[in-house]
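structure of the sequence below:
(one chain, ligands or ions: 7)
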Amino acid sequence: MANSKFEYVRHFELTNTTHLLPNTYIIIRIDGRSFHRFSTLQSFTKPNDARALSLMNAAAVSVFHDLGGEVVSIAYGVSDEFSFVLRKECNLFDRREAKLVSTVVSIFTAYYISLWPKYFPSQELTRPLPTFDGRAVCYPTIENVRDYLSWRQADCHINNLYNTSFWMLILKGGMTPQEAEKELMGTLAKDKNEILWSRFGINYNNEEEMFRKGSVVYRNYGAVPDSSTEDKPNEEEEATPEKKEATAETTPVPPAEAQKGKSRSQQKREAKKLAKAEVVIEHVDIIKDAFWEKRPWILH
Ligand code: ATP
Ligand code: ATP
Ligand code: MG
Ligand code: MG
Ligand code: MG
Ligand code: MG
Ligand code: MG
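Ligands and ions are numbered 1, 2, ... in the order given. From the prediction side, this is the model:
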C-alpha cells in the first residue's frame, strides 16, 4: 500500500515522546489562562467569587469520575488552578506526558464550560472562552507530594490574606488600587490581620474556609460501608445514601496494607471499592499531619 511510503514519519514521534518516570507520583497542575482578565470580564466577585470556585471544584470532580478510581488519588484547588495527584502505580497511556496532561486539561475545560450555566445561571459564557494550561511534574516520595500540596495551600493563605486586605481597602476603605497596594507594601501577616480587624471589624479567621484553605478533592474510601454491593452489575455511579451519610472519621484500611495476604478476588474487590467511593470536596488543612493520619488510603 502507498501508505508505507509515508509511514516513516511515525518514527519521528518516538524520538519526541516523554514517558514519565515510573513508580513516582505524577502531579498535573492546570491553571486558567488569563483569568485575571476573564474574571473581570465575567464580573467575578472580588476577591473571591464562590460560584467560580464551586465551578472549578465541580470540574475537578468530573476529572475523578472521567478517569476512574485507579488514576487520581487527591486534588487540590485554589483560585484558577487545580493540582491532580496521580497514583504512583498509574499506567494510563503508558505514562506518556503529553497524553496525560492534554487529557486532564481537556476533561477539565470541557466540564468547566458545560457546567458554567449551573453556577452562573444568569450570565452567558461569551468570548473569550475559559481555557487552561497544564504541566506534569513527578515526585518520588510521599513527603515530596505533601510538601507540594503544603506549598500550594500556604500560597492560597498568603494570597488570600493579601487579596482580602487589598479589596477591603478598596471596597470599604475607599482607596484606589494604587493606594491599597502602597498601604500593604512591606506588611506582614499580622499587620494585615490588624488592618482587617481595626479598620473593618473583620476577623480573618472567620472568613469562608473555601477562601482561606482552598478545596481538597478525594475519594472517601474510609466511608464506604463494607458491604458486598460492589458485585452488583451496572451499579450507579451516584453515591448511595449510606455512602453520603458515612463520615470521614471511619477508620479505614489502607489499600496497600490490605493487599497483603489477600486473594486476588479480594484485592480486586478492594480496588473496585476504592474506585466507587464517593468523591468529596473539603476545605481543610492539609499541611498538618491530622488530615493524612485520618485518611491513610490517599497516599501510599
Ligand atoms: P496566566 O494566564 O499566566 O495564568 P492569570 O491572569 O490567569 O494569568 P493567575 O496568576 O493564574 O493569572 O491568577 C488568576 C487570577 O484570576 C487571580 O489573580 C484573580 O484575579 C482571578 N480569579 C481566579 N479565580 C477567582 C475567583 N474565584 N474569584 C475572583 N477572582 C478570581
Ligand atoms: P483513543 O482514545 O485511543 O484515541 P478512539 O476511540 O478515539 O481512542 P481513534 O483511533 O482516535 O480511537 O479513532 C477515532 C474513532 O472515532 C474512529 O475510528 C471512528 O470510529 C470514530 N470517528 C471519529 N470521527 C468520526 C466521524 N467524523 N464520523 C464517524 N466516526 C468517527
Ligand atoms: Mg499560567
Ligand atoms: Mg491563571
Ligand atoms: Mg493561577
Ligand atoms: Mg484518532
Ligand atoms: Mg481518539
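
is the helix ranked longest in the chain up against ligand 1 anywhere?
With DSSP state H setting the assignment, residue counts place helix 142-171 as the longest helix in the chain. No: no part of helix 142-171 sits close enough to ligand 1 to count as contact by C-beta under 6 Å from any ligand atom; the gap is at least 7.6 Å. Just so you know, the C-beta spots here come from the backbone N, C-alpha and C atoms, and that holds for glycine as well.

which helices and strands sit right next to that helix?
Applying 3 or more C-beta pairs under 8 Å, 6 or more residues apart in numbering; DSSP states H and E, one finds that helix 142-171 makes contact with strand 25-32, strand 72-78, strand 81-86, strand 132-139, helix 177-184, helix 189-200, helix 209-213.

tell me, please, the helix or strand in this structure that averages the lowest pLDDT.
Here the helix or strand of the chain ranked lowest by mean pLDDT, DSSP states H and E is helix 241-245, holding a mean of 34.

up against ligand 4, what does the stretch 51-200 of the chain have?
For the stretch 51-200 of the chain, the residues found near ligand 4 under the criterion C-beta under 5 Å from the ion are Asp80.

show me which residues of the stretch 51-200 of the chain sit near ligand 1.
Proximity of the stretch 51-200 of the chain to ligand 1, by C-beta under 6 Å from any ligand atom, involves residues 52-53, 79-80.

among those, which are in reach of ligand 5?
On the criterion C-beta under 5 Å from the ion, 79-80 are the entries of these that sit beside ligand 5.

and the residues of the stretch 51-200 of the chain next to ligand 1 as JSON lines, adding distance to Ser4, neighbour count and pLDDT?
Rendered in JSON lines, the data for those read as follows (distance: C-beta to C-beta, whole Å; neighbours: other C-beta atoms under 10 Å; pLDDT from 0 to 100):
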{"residue": "Ala52", "distance to Ser4": "52", "neighbour count": "23", "pLDDT": "98"}
{"residue": "Leu53", "distance to Ser4": "53", "neighbour count": "22", "pLDDT": "98"}
{"residue": "Ser79", "distance to Ser4": "51", "neighbour count": "23", "pLDDT": "98"}
{"residue": "Asp80", "distance to Ser4": "47", "neighbour count": "21", "pLDDT": "98"}
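
so which residues make contact with stretch 82-101?
Taking contacts as C-beta atoms under 8 Å, 6 or more residues apart in numbering, the residues outside stretch 82-101 that touch it are 17-20, 22-30, 56, 59-60, 63, 67, 70-77, 103-104, 108, 134-136, 145, 148-149, 152, 299.

need the buried ones from those residues selected in ChimeraX.
This is the ChimeraX syntax for the buried subset of the contacts of stretch 82-101, where burial follows 16 or more other C-beta atoms under 10 Å:
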select :20,24,25,26,27,28,29,30,56,59,60,63,67,70,71,72,73,74,75,76,77,103,104,108,134,136,145,148,149,152,299
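
quick one: the residue in the stretch 201-300 of the chain positioned nearest to ligand 4 and ligand 1, what's the gap?
Among all residues of the stretch 201-300 of the chain, Gly214 sits closest to ligand 4, at 14.7 Å; criterion: C-beta to the ion. In this structure, Gly214 and ligand 1 are 11 Å apart, going by C-beta to the nearest ligand atom, to the nearest Å.

residue contacts, that residue?
If a contact means C-beta under 8 Å, 6+ apart, then Gly214 has 76-78, 152-153, 156, 283 as its contacts.

domain map for the protein?
20-216, 221-228+241-276 (automatic domain parsing).

quick check: residues of the stretch 51-200 of the chain near ligand 5?
Neighbours of ligand 5 within the stretch 51-200 of the chain, by C-beta under 5 Å from the ion: 79-81.

can you tell which of the domains of the chain is closest to Glu7?
With distances scored as C-beta to C-beta, the stretch of the domains of the chain nearest to Glu7 is domain 20-216 (20.1 Å).

centre of the chain to the closest one, how far?
A distance of 8 Å separates the centroid of the chain from that of domain 20-216, by C-alpha atoms, centre = their mean, to the nearest Å.

sorry, back to before: flag every buried residue along the longest helix of the chain.
Across helix 142-171, burial judged by 16+ other C-beta under 10 Å covers 145-146, 148-149, 152-153, 156-157, 160-162, 164-170.

enumerate every residue touching the closest residue to ligand 4 within the stretch 51-200 of the chain.
Using C-beta to the ion, the point where the stretch 51-200 of the chain gets nearest to ligand 4 is Asp80, with a distance of 4.4 Å. With contact taken as C-beta under 8 Å, 6+ apart, Asp80 is in contact with 31-32, 35, 39, 56, 132.

once you drop chain neighbours, what's closest to it?
Residue nearest to Asp80 in three dimensions, not counting chain neighbours: Gly32, with 3.1 Å by C-beta to C-beta, 6 or more residues apart in numbering.
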